[in-house]
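Chemist: Quick one, structure for this:
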Amino acid sequence: PIGKQRGRVLVIDDDHALRRAIGRYVKRQHDLVVVESAQAGYDLLISGERFDVILCDMMMPDMDGAEFFERLEAVLPDQAARVVFMTGGAFTQRTKEFLSPTRHRLLEKPFEATVLEAMIQEVMAAPA
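Modeler: Predicted coordinates for the structure are as follows:
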């Protein structure tokens, strides 16, 4: 639709089916990069890749969304400000504490494509 920006979106999620579903929708309107772990996403960003929006699952093995965000914020705060967390509601105590501040954007799974696109547009419109 007119007025929507096209952006560069990184999706980080360990669930193959969810990556595929989000990717199918997002790639129609945005440039898309998909990875299956927070470490892979972090490595991309550290190597110089930049994104308008970073969609990151909260609960993943090895490095969860909170650790990804904290590591990213320490070295690339401008990219950390572009993170939107996705969660199915399976929270550890650490995750509950991390998501309690109002500064973190959150999409609760399952979410509608229109809600996802609205969040992408909101992040892209936010000051850098």
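Chemist: which residues of this protein fall in strands?
Modeler: Secondary structure of the chain (DSSP state E): strands located at 8-12, 31-35, 53-57, 83-87, 105-108.
Chemist: can I get the ones you listed in CSV with mean pLDDT, distance to Glu97 and mean neighbour count?
Modeler: Bear in mind the C-beta positions are built from the backbone N, C-alpha and C, glycine included. Output for the strands of the chain, formatted as CSV (pLDDT from 0 to 100; distance: least, C-beta to C-beta, whole Å; neighbours: other C-beta atoms under 10 Å):
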stretch, mean pLDDT, distance to Glu97, mean neighbour count
strand 8-12, 98, 21, 24
strand 31-35, 97, 26, 17
strand 53-57, 97, 17, 25
strand 83-87, 94, 13, 21
strand 105-108, 90, 14, 15
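Chemist: Now tabulate those strands in CSV and tack on distance to Pro77.
Modeler: Listed next are those as CSV, based on distance: least, C-beta to C-beta, whole Å:
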stretch, distance to Pro77
strand 8-12, 16
strand 31-35, 20
strand 53-57, 13
strand 83-87, 11
strand 105-108, 15
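Chemist: looking at those, which is closest to Thr95?
Modeler: Comparison of the strands of the chain against Thr95 by C-beta to C-beta identifies strand 83-87 as nearest, at 7.5 Å.
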